[in-house]
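**Q** Predicted model and sequence below, questions to follow.
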Amino acid sequence: MTLREGRRVRLAADVRLTGSLTVAGAGDPDAGAEGVAGFLSLASGTEGTVERVDEHAREQSHGVREYLRLKSLLDDFGSQMPPGSRGQLEEQVGSLEAEWTAYQERSVRVTVRVRLDNGFVLDEVHEELFTAASA
């Protein structure tokens with residue numbers, strides 16, 4: 001499911017939130033956070049509205065960056081290279097092909113900010129946690 005702003009969604013599973021709490025909008029981010037901890041459970045089926053969708057770029061490994069560099073070099077200048085150099089470059093590109101393919105198969109990580117109907121806001125949550133709400 002692709003989420004977009006304004007779409008109605010519901011939690012796909014029970015969610016347990018734990019950790020330290022901070023007061024939203026407080027001038028000093030550390031004010032009141034000392035010694036405050038909390039626990040909150042939200043039941044699956046709790047509905048809300050998507051306020052924001054953020055796509056996070058996939059992290060490129062050294063091998064992926066090297067594949068892109070070498071492949072570009074091969075595509076742009078391979079026909080002008082001596083056969084031995086071109087063969088060596090093709091071999092290097094081939095050795096990095098599996099890493100490049102794995103990188104392409106990884107999906108972009110998407111997080112959302114959802115304002116639940118009960119007033120709670122979940123921010124930077126993976127989109128897989130939600131399903132479409134019935135209209």
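**A** Ah, there it is.
**Q** only C-alpha atoms for contact and neighbour calcs from this point on.
**A** OK.
**Q** residues touching Gln60, list them.
**A** Gln60 sits next to Tyr103 when contact means C-alpha atoms under 8 Å, 6 or more residues apart in numbering.
**Q** Quick check on it: phi, psi?
**A** Phi and psi for Gln60, reported as degrees, to the nearest 10, are phi -90, psi 130.
**Q** Mind listing what's buried along stretch 97-115?
**A** By neighbour count on 16 or more other C-alpha atoms under 10 Å, the buried set for stretch 97-115 is Glu97, Trp100, Tyr103, Val110, Thr111, Val112, Arg113, Val114, Arg115.
**Q** what's in contact with it?
**A** 48-58, 60, 63-64, 67, 121-127.
**Q** Report the rounded mean pLDDT for the lengthiest strand in the chain.
**A** Assignment by DSSP state E gives strand 47-56 as the longest strand of the chain. In this model, strand 47-56 has a mean pLDDT of 92.
**Q** Please consider this matter closed, and thank you.
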